[in-house]
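>>> Here is a sequence together with a model predicted from it:
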Amino acid sequence: MVYSSTILVGWSLRGVISPENNYMGADSTEFWAADVAARNGKYYFYFSDR
């Protein structure tokens, strides 16, 4: 699930990231080490896949 907060209190659910909703497919079990990084005012969600 993806949550957001402007002051790190009172979090709001924004959506769900799942294998079914991206290129990996519904049967993927190779999703590891997810993290988020900030750069130039944007946030990037990244992970390893196999």
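Okay, I see it. Residues are numbered from 1 along each chain as shown.
>>> Excluding residues flanking it in the chain, which one is nearest the residue nearest the centre of the chain?
Closest residue to the average C-alpha location of the chain: residue 45 at 4.9 Å, with C-alpha atoms, centre = their mean. Once flanking residues are discounted, residue 45 sits nearest to residue 36: 5.3 Å by C-beta to C-beta, 6 or more residues apart in numbering. All C-beta spots, glycine's among them, are computed from the backbone N, C-alpha and C.
>>> okay, now the one you found: neighbour count?
9 (other C-beta atoms under 10 Å).
>>> would it count as being in a helix?
No: if the criterion is DSSP: H, G, I helix; E, B strand; the rest coil, then residue 36 is strand and not within a helix.
>>> do you know how far it is from residue 17?
According to C-beta to C-beta, to the nearest Å, residue 36 and residue 17 sit 11 Å apart.
>>> Can you pull the residues that touch both of those two?
Counting by C-beta atoms under 8 Å, 6 or more residues apart in numbering, the contacts common to residue 36 and residue 17 are residue 45.
>>> start to end distance for stretch 7-14?
16 Å (C-alpha to C-alpha, to the nearest Å).
>>> oh, I was asking about stretch 15-33
For stretch 15-33, the end-to-end distance is 20 Å (C-alpha to C-alpha).
>>> Run through the chain and note the low-pLDDT ranges.
Applying pLDDT under 70 to the chain picks out residues 19-26, 31-32, 50.
>>> residue boundaries of the strands in it?
2-4, 12-15, 31-39, 42-49 (DSSP state E).
>>> Enumerate the positions of the last one that are buried.
What that stands for is strand 42-49. Buried residues in strand 42-49, counting neighbours by 16 or more other C-beta atoms under 10 Å, are absent.
>>> What strands line up against it, and which way round?
Its sheet considered, strand 42-49 pairs with strand 31-39 (antiparallel) by DSSP bridges.
>>> Residue 3 contacts residue 12, doesn't it?
Yes: with contact defined as C-beta atoms under 8 Å, residue 3 reaches residue 12; the gap is 6.4 Å.
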